[in-house]
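> When you get a sec, could you give me coordinates for this:
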Amino acid sequence: MTNGEEHHAQPDRDPWREVIPSCTVARAGARDQVAVHVRHGDEAVLTLTALRAPNVDAAPLKGDAGIELPQLDVWHEPRQIGDELIGRATFEIPADTAAGYYRAELISDTRSAAGLVLLTPAPADEMRREWGLSVDLPQLRSRRSWGIGDLGDLGELAVLAASWGADFIYARPDSWRTLRFEGEAEAPENFISDHVRSRYLPPALLRLEEIPELSYLSAPDRALIEWEAEEFAKLNAQHQALPVGEVIAAKAASLDLICTVELSPARQLEFEAFIAREGQSLADFALWAAIAQRCGRTGEQWPEDAAEPDAFGARRARDELESEIANHQRYQWYLFEQLARAHHRARGAGMTLGIMRHVDWDASETEIDGVSDWFAAASGHQGPLLIAPHNAGENVNSLLGVLAIEAARKNVQVLLDVPHDSPLLEAAQAVGIPTTVALQLGASMPHNQLLQISTPLDIPLANYLAEEFSDQLPTDFDEEQAQELLRRARATHDQAVRKLSEAGLIDEDFSQRSLIEALHAWALASPSIWTEYRLRDIVGQRIWHREAAGHVQPLLDGFEAPVLLDELDQLPMLRSLLRRL
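Numbering: from 1, shown residues only. So this is what the prediction gives:
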């Protein structure tokens with residue numbers, strides 16, 4: 001059972017001195033208990049009142065009269081606390097109490113107190129088995145992109161994948177970091193936090209042709225953008241790495257033109273609502289991006305007196321770069337719109353989840369009653385969120401409890417991306433938030449998780465199983481490290497062969513292709529709700545892209561030919577794998 005004492009008591013503090021837990025995290029339908037402490041022999045009544053927000057002083061929900069909790073016949077030996085003999089009264093939350101925020105009000109003969117109860121949603125009854133694709137978006141080229149994959153391509157891929165039976169697309173965030181902002185190298189490390197930096201996407205991911213204001217440019221300005229698009233489209237079929245700086249500069253110049261178009265009154269209202277919803281995070285980010293852009297275009301160094309958003313030099317830059325800051329806010333609005341459109345296309349095509357986005361969350365900067373605001377901004381595209389929490393403190397159970405409630409209220413699926421040995425795993429399980437887990441051939445897989453097929457150093461699966469990667473290892477790898485990695489790869493291969501043979505998924509004369517197909521089919525049969533397949537692996541890529549600085553490699557098939565999105569569903573290896581699924 002979950003109760004306040006169990007989850008919130010300090011090791012050096014006697015919970016019997018606490019009249020009522022300041023915050024109790026419980027599951028709806030679980031008949032969890034709340035323990036209170038009153039003078040021994042006193043009569044006690046505990047009432048739950050539904051609240052609008054996770055704050056014990058928040059306004060109650062309209063029309064909620066509160067419910068009196070039944071007291072259980074549970075005996076605890078009273079204890080002498082100071083000059084009083086204190087007893088414990090135990091109350092049960094009824095199974096039909098809806099998930100949400102509650103004020104628990106205690107009234108006894110000599111005491112009164114109140115605490116917060118976070119009642120997280122009950123677990124779902126159905127046992128689902130769903131799969132999806134993870135993609136390194138910049139590597140995914142199409143005939144319409146500018147040499148790197150963009151959010152238009154993401155929507156196209158989602159529709160195609162839905163027709164194959166996929167239920168989500170996960171755009172991997174690591175690959176986006178190659179698409180740096182103009183002048184980003186000049187920015188100080190701590191001007192904005194990492195989680196703010198990762199929250200906003202690089203404008204190079206925009207499909208410019210899908211921005212509404214493009215249609216209202218003058219004919220000469222539209223022609224300039226069309227000519228640029230034609231030049232970059234020629235690069236899509238090449239297998240060489242593309243200098244991404246050229247794409248960033250070309251799209252930035254085109255966006256400068258698009259932002260000269262005045263927004264219609266309705267579009268202006270939508271833009272202003274986006275700015276208001278994002279708040280100070282977007283304001284600081286746009287300032288950071290504008291100063292960096294100026295440094296990149298002029299060759300200036302970052303102002304020494306602008307080390308943080310509130311510094312004198314940063315305030316000066318807010319005045320000097322007002323229009324540039326507004327443009328960067330507008331870029332992020334365009335990105336938000338296109339990401340939301342890709343998600344809606346995915347759902348419209350039949351996906352149950354849609355476009356999953358990775359979000360960093362600095363839990364140390366979030367109070368319990370601030371989680372709802374953070375989540376509202378983070379979930380703006382309405383798709384599922386894979387959240388990587390950082391710096392979680394002692395109130396992590398309460399934070400995750402609010403997160404679970406808010407996600408249920410907004411009907412947004414959330415998952416936690418945490419290491420296998422993280423203490424957050426237990427906390428997430430307690431409130432019903434799924435977590436990620438790497439495929440382990442020799443271990444049982446828990447149900448409420450996202451299963452990922454991963455390899456050390458992000459080596460392509462085909463290379464890892466065939467032990468064909470030693471010549472592509474990082475230069476700082478010594479011989480002993482390389483041999484250890486090869487031993488691990490050989491052991492994984494042998495274990496996979498043994499496990500898949502026992503399951504009847506491969507025969508004695510199996511091929512490398514059939515081994516990989518069988519591994520993916522076996523993963524899908526695991527108890528985990530979701531299974532994530534890497535697009536790179538299921539098209540047979542065997543070239544290990546450790547991205548060179550400033551370059552983006554294309555997605556390649558097993559014959560080292562570039563894979564265009566437009567031809568994806570014709571790839572033999574992909575079609576063969578889909579038959580197995």
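> which residues of the stretch 251-400 of the chain fall in strands?
With strands called from DSSP state E, counting those that start in this stretch, the stretch 251-400 of the chain shows them at 354-362, 385-390.
> Switch those strands over to a markdown table; also include mean neighbour count.
In short, each C-beta sits where N, CA and C put it, glycine included. As requested, the strands of the stretch 251-400 of the chain are exported to a markdown table (neighbours: other C-beta atoms under 10 Å):
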| stretch | mean neighbour count |
| --- | --- |
| strand 354-362 | 22 |
| strand 385-390 | 20 |
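> Switch the ones you listed over to a markdown table; also include mean pLDDT and distance to Val402.
Formatted as a markdown table, the entries for those read as follows, by pLDDT from 0 to 100; distance: least, C-beta to C-beta, whole Å:
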| stretch | mean pLDDT | distance to Val402 |
| --- | --- | --- |
| strand 354-362 | 92 | 12 |
| strand 385-390 | 92 | 13 |
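> Nearest approach to Arg330 belongs to which of those strands?
Across those, Arg330 has its closest neighbour in strand 354-362 (20.3 Å, C-beta to C-beta).
> What is the distance between the closest one and the centre of its chain?
Relative to the centre of its chain, strand 354-362 is centred 2 Å away, using C-alpha atoms, centre = their mean, to the nearest Å.
> so what secondary structure elements neighbour that strand?
Contacting strand 354-362 under the criterion 3 or more C-beta pairs under 8 Å, 6 or more residues apart in numbering; DSSP states H and E are the following elements: helix 151-164, strand 168-171, helix 194-199, helix 322-348, helix 371-378, strand 385-390.
> okay, the ones you listed, which one's buried deepest?
Scoring those by mean neighbour count under mean count of other C-beta atoms under 10 Å gives strand 168-171 as the most buried, with a mean of 27.
> what lines up beside that strand in the sheet?
For strand 168-171, sheet partners with direction are given as strand 130-135 (parallel), strand 354-362 (parallel), following DSSP bridges.
> how about the ones you listed in JSON lines, adding distance to Val19?
As requested, the strands paired with strand 168-171 are exported to JSON lines (distance: least, C-beta to C-beta, whole Å):
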{"stretch": "strand 130-135", "distance to Val19": "46"}
{"stretch": "strand 354-362", "distance to Val19": "32"}
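> Nearest to Ala491 among the ones you listed would be which one?
Checking those against Ala491 by C-beta to C-beta gives strand 130-135 as the closest, at 24.7 Å.
> how far is that closest one from where the chain is centred?
Centroid separation between strand 130-135 and its chain, computed with C-alpha atoms, centre = their mean, is 14 Å.
> Go ahead and name everything in contact with it.
Outside of strand 130-135, the residues that reach it under the criterion C-beta atoms under 8 Å, 6 or more residues apart in numbering are 149, 154, 157, 161, 165-172, 351-353, 356, 452, 524, 529-536, 538, 581.
> rerun at 7 Å
Outside of strand 130-135, the residues that reach it under the criterion C-beta atoms under 7 Å, 6 or more residues apart in numbering are 157, 161, 166-172, 352-353, 524, 529-535, 581.
> Out of all residues in the chain, which is the farthest from the middle?
Checked against the mean C-alpha position of the chain, the extreme residue using C-alpha atoms, centre = their mean is Asp83, at a distance of 51.8 Å.
> Next one: that residue from Arg39, what distance?
Summarising the geometry, the distance separating Asp83 from Arg39, computed by C-beta to C-beta, to the nearest Å, is 11 Å.
> Likewise for Val414?
According to C-beta to C-beta, Val414 stands 43 Å off from Arg39.
> about what we covered before: out of the strands of the stretch 251-400 of the chain, nearest to Pro15?
Comparing the strands of the stretch 251-400 of the chain by their distance to Pro15 (C-beta to C-beta), the top pick is strand 385-390, with 26.1 Å.
> tell me what the closest one is packed against?
Counting contacts by 3 or more C-beta pairs under 7 Å, 6 or more residues apart in numbering; DSSP states H and E, the secondary-structure elements packed against strand 385-390 are strand 354-362, strand 414-416.
> So which elements touch the last one?
Judged by 3+ C-beta pairs under 7 Å, 6+ apart, strand 414-416 is in contact with strand 385-390, strand 435-438.
> With only the CA atoms kept, save the shortest one in PDB.
This points to strand 435-438. Extracted in PDB, the C-alpha atoms of strand 435-438 (Å, rounded to 0.1, in the frame of the first residue of the first chain):
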ATOM      1  CA  THR A 435       9.600   3.300 -18.500                       C
ATOM      2  CA  THR A 436      12.100   2.300 -21.200                       C
ATOM      3  CA  VAL A 437      14.000  -1.000 -21.000                       C
ATOM      4  CA  ALA A 438      16.700  -2.500 -23.300                       C
END
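> and the longest helix for the protein?
Longest helix in the chain by number of residues (criterion: DSSP state H): helix 265-298.
> Give me the distance between the residue farthest from the centre of the chain and Pro554.
Applying C-beta to C-beta, the value for Asp83 to Pro554 is 77 Å.
> which residues sit in contact with Arg79?
Counting by C-beta under 7 Å, 6+ apart, Arg79 makes contact with 16, 86.
> returning to that earlier point: could you redo the helices and strands packed on strand 414-416 as JSON lines and give each row distance to Ala223?
Supplementary listing: the helices and strands packed on strand 414-416 in JSON lines, determined by distance: least, C-beta to C-beta, whole Å:
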{"stretch": "strand 385-390", "distance to Ala223": "40"}
{"stretch": "strand 435-438", "distance to Ala223": "47"}
